[in-house]
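> generate a structure from the sequence data that follows.
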Amino acid sequence: MTDYKNLKLIASSSPHIRSDENTRSIMLDVIIAMLPALAMSVYNFGNWNFRALTLTLVSVVSCVFWEWLYRKLMKKPQMVGDLSAVVTGMLLAFVCPVTLPYWMIVMGAFFSIVLVKQLYGGIGCNFLNPALAGRALLLASFAGPMTRWAAPDATVPVFGSVADVVTAATPLAIMKEGGAEAFSQLTDTYSVADMFLGKIGGSVGEASALMLLLGGIYLLIRKVISWHTPVAYIATVAVICLISAPAGANSVDYMLYNLFAGGLMLGAIFMATDYATSPVTKPGQLVFGIGCGLITCFIRRFGSYPEGVCYSILIMNCTTWLLDKYIRPTIYGAPKKEKKEAAAK
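Okay, the predicted model is just below:
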């Protein structure tokens with residue numbers, strides 16, 4: 001018989017379901033997922049010229065330093081060990097040109113970490129993606145350096161002047177010229193394979209769609225992200241491009257060039273899936289991804305800027321609270337009246 005008198009009742013606070021996963025392990029998975037894209041960027045710019053790697057390291061060290069310094073000055077517990085600042089640093093470098101001066105990315109790191117992340121309470125409390133907010137600041141402040149794109153296989157010095165680096169228009173910039181003639185020029189310059197593999201100009205980490213997709217598959221296998229936001233985002237852009245191709249241009253090719261050019265893959269897989277700035281429910285994530293896709297296509301087609309991923313995600317970040325409020329899971333067993341009242345709160 002059970003000795004009920006000697007049984008101990010242990011009461012503990014929630015959560016009662018425990019997991020080996022924590023913030024550090026999740027961030028480590030994200031870092032691992034980004035390494036293939038980083039390796040490809042190092043190879044692309046000058047055949048193993050290490051300017052891309054150096055820029056990424058400067059960004060990472062800057063983000064870690066600013067987070068450490070802020071929390072030191074504010075006398076808060078140090079959180080640099082969770083690796084979130086490392087992820088922000090890598091993503092910030094990924095969305096900047098390889099020729100960007102180092103001091104500029106240090107400034108962008110300060111804005112991303114201190115003003116966007118830490119002032120709102122640190123990890124999980126920010127409402128904007130820190131890396132994209134840092135890119136938006138750099139683009140607004142230094143439009144020239146932020147739109148100077150090294151040509152594929154151009155030799156970019158690790159230190160010193162980058163004035164002599166061979167530059168080239170990005171595929172999106174060529175398409176922005178409009179019409180079937182501009183698109184024909186693009187297809188003559190870059191093949192679909194070039195676009196997919198990353199043999200094109202662009203930011204450090206956005207060029208190779210193949211490597212970004214490999215990173216996304218790894219995150220899905222590790223269950224770090226779900227498929228809802230990336231698939232909804234990419235599918236929305238694909239459908240719109242199929243039905244809005246310029247007259248005389250092949251619709252499928254136009255769609256593929258839009259998918260593989262710019263920061264779409266990087267944004268859909270690594271930016272739009274950020275836990276703190278995206279919806280928590282699966283339907284909300286689908287709506288979030290569709291919204292990002294619509295705004296991206298709108299900016300690319302009608303805006304003065306050839307790329308729209310950065311601003312589309314930032315705009316949708318501002319709607320996350322609204323999506324979380326009105327797109328809630330059904331309360332099991334609750335009467336319909338109570339469900340409506342709960343959703344309205």
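> tell me the spacing between the residue positioned nearest the centre of the chain and residue 286.
Centroid check for the chain by C-alpha atoms, centre = their mean gives residue 271 as the closest residue, at 2.4 Å. Look at residue 271 and residue 286: by C-beta to C-beta, to the nearest Å, they are 17 Å apart. C-beta here means a position set from N, CA and C on the backbone, and glycine is covered the same way.
> with residue 101 instead?
40 Å.
> repeat for residue 67
Taken as C-beta to C-beta, the span from residue 67 to residue 286 is 32 Å.
> pick out whichever of these two has more residues nearby.
Shown here are residue 67 and residue 286; by other C-beta atoms under 10 Å, residue 67 has more neighbours (27 against 22).
> what helix or strand is that one on?
Per DSSP states H and E: residue 67 is located in helix 51-73.
> how far off centre is the helix or strand just after that helix?
Where DSSP H and E defines the elements, the next helix or strand beyond helix 51-73 is helix 84-94. Relative to its parent chain, helix 84-94 has a centroid offset of 10 Å by C-alpha atoms, centre = their mean, to the nearest Å.
> I'd like the average pLDDT over whichever helix or strand comes after helix 84-94.
Toward the C-terminal end, the helix or strand that comes next after helix 84-94 (DSSP H and E) is helix 102-110. Averaging pLDDT along helix 102-110 yields 96.
> state the mean pLDDT of the helix or strand following helix 102-110.
Proceeding N to C from helix 102-110, the next assigned helix or strand is helix 130-141, under DSSP H and E. When pLDDT is averaged over helix 130-141, the result is 95.
> is residue 39 in contact with residue 211, as I believe?
Yes: counting by C-beta atoms under 8 Å, residue 211 is a contact partner of residue 39 at 7.4 Å.
> so between these two, which is more surrounded?
Shown here are residue 39 and residue 211; by other C-beta under 10 Å, residue 211 has more neighbours (23 against 15).
> and that one, helix, strand or coil?
Following DSSP: H, G, I helix; E, B strand; the rest coil, residue 211 is assigned to helix.
> ok, now which ones touch it?
36-37, 39-40, 198 (C-beta atoms under 8 Å, 6 or more residues apart in numbering).
> again with residue 240
Residue 240 neighbours (C-beta under 8 Å, 6+ apart): 293-294, 297.
> show the pLDDT at it.
Residue 240 is given a pLDDT of 95.
> for the one 4 residues further on, same thing?
We note a pLDDT of 86 for residue 244 in this prediction.
> with residue 345 instead?
pLDDT, residue 345: 58.
> please apply the same query to residue 168.
78.
> mind pulling up the phi and psi values for residue 281?
Residue 281 has phi and psi values of phi -90, psi 150 when expressed as degrees, to the nearest 10.
> give me the number of residues near the nearest residue to it once chain neighbours are set aside?
Nearest residue to residue 281 in three dimensions, chain neighbours excluded: residue 327, at 5.4 Å (C-beta to C-beta, 6 or more residues apart in numbering). Number of residues near residue 327 (other C-beta under 10 Å) recorded here: 18.
> need phi/psi at residue 327.
phi -110, psi 90.
> for it, what are its contacts?
Contact analysis of residue 327 by C-beta under 8 Å, 6+ apart lists 279, 281, 283-284, 287.
> nearest residue to residue 280 other than its sequence neighbours?
residue 324 (5.9 Å).
> er, residue 118 I mean
residue 70 (4.8 Å).
> I figured the one you found was touching residue 116, is that so?
No: between residue 70 and residue 116 there is no contact under C-beta under 8 Å: 11.8 Å.
> now residue 150, what are its backbone angles?
Given degrees, to the nearest 10, the pair of backbone angles that residue 150 has is phi -70, psi 140.
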